[in-house]
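>>> heads up, no residue letters with this:
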């Protein structure tokens, strides 16, 4: 017994110390793997936020678990009782299991809106297949001789099920429960990334984007702890049920019936007040501060627009939510909006936040790059989508710059430049990412895209569906008045505006707050001074894209 304790303890200590001090030997490890002591300190110093997000995710996991169980049990029974059902359902279950929940989750949001249901359904679908198959195998495991014995004694089908098949299937059912407990957290996180506003998945995502990896790993630890605890609870429950199988079977039937009646009570109740949803283009950052100011100060509600801000983890992915009507307005980018209009999508701009580009090429300082031509032979990372890479290719070609490699780094711009995987990043904002990199001790410079003869455009615009009330002239006038009032207040009171932003985003760490404050100091001076949008700017950008045959 002593060896069983000592050897794992020694192994744990060796791993812990190796992890803690490996940063002394590997450059930039903090950008990839923070030391465990820092993770533990972060968890204890911000325990209230971790507890809050853990509660949200736990509720989603339990809801998905119960929904999957309520659906899988009758389907497993029908597969056992009726062979045609088995032939139809088994391939269907395999098909469902092959669908990536990360791809399905955004569709759930469009179908069911922002809330509990859109997250619980992907969670349930992820654990539905193993749970159903285990229940089915459990029902099949009952020896036929026992079933025949029950029938000889005139037992009804109901009696055979409750007194024989269900107790006999309990080990297999709990095997499915254990698998479900282990993977329910993955399904919940997938749903959160698509449409949640809180939860451990959102905490991981936001902290990862801010390179606050201590919080990211802290959230991962909490998710692991929840899943492990659920697994342990299932093991204890299984022991009780096995030891008291006849009584436990009756209890299980009562619990199933109760859950079927009460699961609907977990739904979020709609608010009595009708609000207008405005989806941000990205996770909250200093570019969005005027909107938080407008909501807090009541500038939008004074204009009859009770505004609710919705954050989005997929930058630029707002159009499906606008066209489906899930949100009434969204922050978007001017060139992709033009591209959407060219494709026949009916959206219109109704407001503007910046009247100049923020997009840029960011590179490490003091490494031989001082002008665009110095990108020759370098590795350029980008985070724009597949069709938008045509713009990057054109900008490089028209300036006769032949780079070594173009590398899609998705949205890990900061870490890839920080770890020297790329020499330059395209698609980053000079007012945000430069300060973000600076907070990690990485000095940078940048080229604005105008240095590559890119035409002037508006960076962040507010769009709405073309035939919606939000595009009517009277509504647009009220919205623009509120937005400009919010911008003007932010310009006049930048420190207060930043505090309002922090008040609405409590998960920001001290490290993130420090660099975002510097980013805000760069941001507010370039906010739009009015809401007039010159049609010539739109026409010039549209013509430029058409002229160079860029399908943007």
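Arrived safely, thanks for sending. All of these numbers come straight from a predicted model, not from anything done at the bench.
>>> wait, a strand at residue 181?
No: Residue 181 is assigned helix when assessed by DSSP: H, G, I helix; E, B strand; the rest coil, not a strand.
>>> from residue 170, how far out is it?
16 Å (CB to CB, to the nearest Å). C-beta here means a position set from N, CA and C on the backbone, and glycine is covered the same way.
>>> which stretches of the stretch 251-400 of the chain form helices?
Counting by DSSP state H, counting those that start in this stretch, one finds helices in the stretch 251-400 of the chain at the ranges 289-297, 299-302, 319-324, 334-342, 389-398.
>>> contacts for the second one next, please.
The set of residues that contact helix 299-302 without belonging to it, under CB atoms under 8 Å, 6 or more residues apart in numbering, is 293-295, 306-307, 479, 482-483, 485-486, 489.
>>> try 6 Å this time
294, 307, 482, 485-486 (CB atoms under 6 Å, 6 or more residues apart in numbering).
>>> do the same with stretch 485-493
Contacts for stretch 485-493 (CB under 6 Å, 6+ apart): 289-290, 293-294, 299, 497, 524, 527.
>>> by neighbour count, which of the contacts of helix 299-302 wins?
Most neighbours among those, by other CB atoms under 10 Å: residue 294, with 28 neighbours.
>>> if you drop the residues flanking it in sequence, what lies closest to that one?
residue 486 (3.2 Å; CB to CB, 6 or more residues apart in numbering).
>>> which of the residues in the helix or strand encompassing that neighbour are buried?
Taking DSSP states H and E as the definition, residue 486 sits inside helix 473-492. The neighbour-count check on helix 473-492 (16 or more other CB atoms under 10 Å) flags 475-476, 478-490 as buried.
>>> run the chain-centre distance for it.
Centroid displacement of helix 473-492 relative to its chain, using CA atoms, centre = their mean, to the nearest Å, is 29 Å.
>>> what of stretch 183-196?
The answer for stretch 183-196 is 8 Å, by CA atoms, centre = their mean.
>>> which residues does stretch 206-214 contact?
34, 38-39, 42, 215-216, 283, 414, 509, 512.
>>> how about the one helix or strand residue 51 maps to: buried residues?
Residue 51 is part of helix 47-81 when elements are defined by DSSP H and E. Buried residues in helix 47-81, counted by 16+ other CB under 10 Å: 49-50, 52-54, 56-69, 72-73, 75-77, 79-80.
>>> could you report the distance from residue 93 to residue 228?
In terms of CB to CB, residue 93 sits 27 Å off from residue 228.
>>> tell me who's in contact with the residue nearest in space to the middle of the chain.
What sits nearest the mean C-alpha location of the chain, by CA atoms, centre = their mean, is residue 193, with 2.0 Å. The contact partners of residue 193, by CB under 6 Å, 6+ apart, come to 201, 313.
>>> that one in helix, strand or coil?
Going by three-state DSSP: residue 193 is helix.
>>> state the pLDDT value of it.
Looking at residue 193, its pLDDT reads 78.
>>> next: residue 411.
Looking at residue 411, the pLDDT reads 67.
>>> with residue 322 instead?
Residue 322 carries a pLDDT value of 89.
>>> circling back: in JSON lines, list the contacts of helix 299-302 along with distance to residue 151.
Below are those laid out as JSON lines (distance: CB to CB, whole Å):
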{"residue": "294", "distance to residue 151": "72"}
{"residue": "307", "distance to residue 151": "66"}
{"residue": "482", "distance to residue 151": "74"}
{"residue": "485", "distance to residue 151": "79"}
{"residue": "486", "distance to residue 151": "75"}
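>>> min pLDDT across the residues you listed, which one?
For the contacts of helix 299-302, the pLDDT minimum is residue 307, 93.
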